[in-house]
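> What follows is a predicted protein model with its sequence.
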Amino acid sequence: MDEHKLKLTSSEIGTLWGEYVNGTMTDVVNRYMVSIIEDEPIKAIFEDAITTFKKQKGQIVTFMEDEGFPIPIGFTESDLFKGKPRLFTDIFCLNYLHIMTLHGLLGHSTSLAVSVRKDLRDFYDSCDNDAKKMYHQTIELLLEKGNFQRDPIFYPAQNPQFITSQDFTDGFFGKGRKLAAIEIISISLNLKKSIMAKTLSIAFSQVAQTKEVRKFLTDSEKTADQQIKAFSKIMQADNLPVPKSWETEVTTSTDSPFSDKLMLYHIGFLFQAAQNYHGTGLASSMRTDLVTAYEGTILKNLMITKKWFDLMVQNKWLEQPPLAPNRKEISQQK
């Protein structure tokens, strides 16, 4: 069978739909950032990111049109207010691109994992390669500028060791063992992403045009800050460094370069994406205090995303993804 004649599955259409909406959101932010960046090497990376997504967007549109699905609205020129003052420093822009590239790597891998048709698998392979290239570029430039904070350094033991006590899981009141390297993977990633969410919430709350959106952004900033403090406390108890904050990389501008719709969606996206990382962290945790911290964080994220959903629906800003056919409704149409 010619697999190009195979219809795309619901999962394949779902990934294309999500890639389009999330990609257009990030593209709008990238196009604003490239307009304010003064550092030429940083600007060049953003220009590459914009060119890369333009290519990917065209391919996504072709896939969806060939299947007869409507193209999502996503985010457009109407969500970008050109000529507005600088809201972020160049270094924050570079850190933003690095973190969003990490999200892209995870998204492309998930999309590839549910794709069957070869043309779609080839597309996601290409997207993954583009994201890997961007990942290397952002890290190299951050290292060159002395702005990449590496994770804590451990020192090797003389020999492999086995767990010999049930106390290995006890992390309360300093009675238990120190953090394991596999636990720090998730803690560090979650801290960096929470720091990004907090910084964007602060910046967006300064420029949001409506009271309801400003209130939500203030709440999301507080939620992210609580999560940062919870995981930082665990790291610091073991005398381990935590990633630095980026609040000072936000200017005092109150003139918005983005629509409230884009800013609200962006923060919701970050909190929803964080649930994947928190779930992974929970699964790899072997200390009771870490399990408690992750469970609390996941619950708070669910609460903030519920507020986000209600506000997006209230403003008619949340596009509906493709749905399974309603067989009962169809049968009643005859």
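Everything's here; your move.
> care to break the protein down by domain?
7-144, 172-314 (automatic domain parsing).
> gap between Ala203 and Asn30?
Ala203 sits 15 Å away from Asn30, going by C-beta to C-beta, to the nearest Å. Backbone N, C-alpha and C define where each C-beta goes, glycine included.
> who's more crowded, the two?
Ala203 (25 against 22; other C-beta atoms under 10 Å).
> The more buried one belongs to a helix, doesn't it?
Yes. Counting by DSSP: H, G, I helix; E, B strand; the rest coil, Ala203 is located in a helix.
> So it is in contact with Phe88, correct?
Yes. Ala203 lies in contact with Phe88 (C-beta atoms under 8 Å); the separation is 6.7 Å.
> Could you pull out the residues contacting both of those two?
Val250 (C-beta atoms under 8 Å, 6 or more residues apart in numbering).
> thinking again about what came up before, want to try TSV for the domains of the chain, with mean pLDDT and distance to Gln332 as columns?
Shown next, in TSV, are the domains of the chain (pLDDT from 0 to 100; distance: least, C-beta to C-beta, whole Å):
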stretch	mean pLDDT	distance to Gln332
domain 7-144	96	23
domain 172-314	92	26
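> how about those domains, which one is nearest Ala324?
If you check each of these against Ala324 by C-beta to C-beta, domain 7-144 wins as the nearest, at 6.9 Å.
> quick one: the closest one to chain centroid distance?
Taking C-alpha atoms, centre = their mean, to the nearest Å, one finds the center of domain 7-144 at 12 Å from the center of the full chain.
> Now do it: distance from first to last residue.
47 Å (C-alpha to C-alpha, to the nearest Å).
> what's the answer for stretch 77-97, then?
Terminal-residue distance, stretch 77-97 (C-alpha to C-alpha): 20 Å.
> quick one, helices of the chain?
For the chain, the helices defined by DSSP state H occupy 10-36, 40-66, 90-113, 118-144, 181-207, 211-237, 260-284, 288-314, 327-331.
> will you turn these into JSON lines that also has distance to Lys244?
Compiled in JSON lines, the helices of the chain are given as follows (distance: least, C-beta to C-beta, whole Å):
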{"stretch": "helix 10-36", "distance to Lys244": "20"}
{"stretch": "helix 40-66", "distance to Lys244": "18"}
{"stretch": "helix 90-113", "distance to Lys244": "10"}
{"stretch": "helix 118-144", "distance to Lys244": "12"}
{"stretch": "helix 181-207", "distance to Lys244": "8"}
{"stretch": "helix 211-237", "distance to Lys244": "11"}
{"stretch": "helix 260-284", "distance to Lys244": "19"}
{"stretch": "helix 288-314", "distance to Lys244": "20"}
{"stretch": "helix 327-331", "distance to Lys244": "54"}
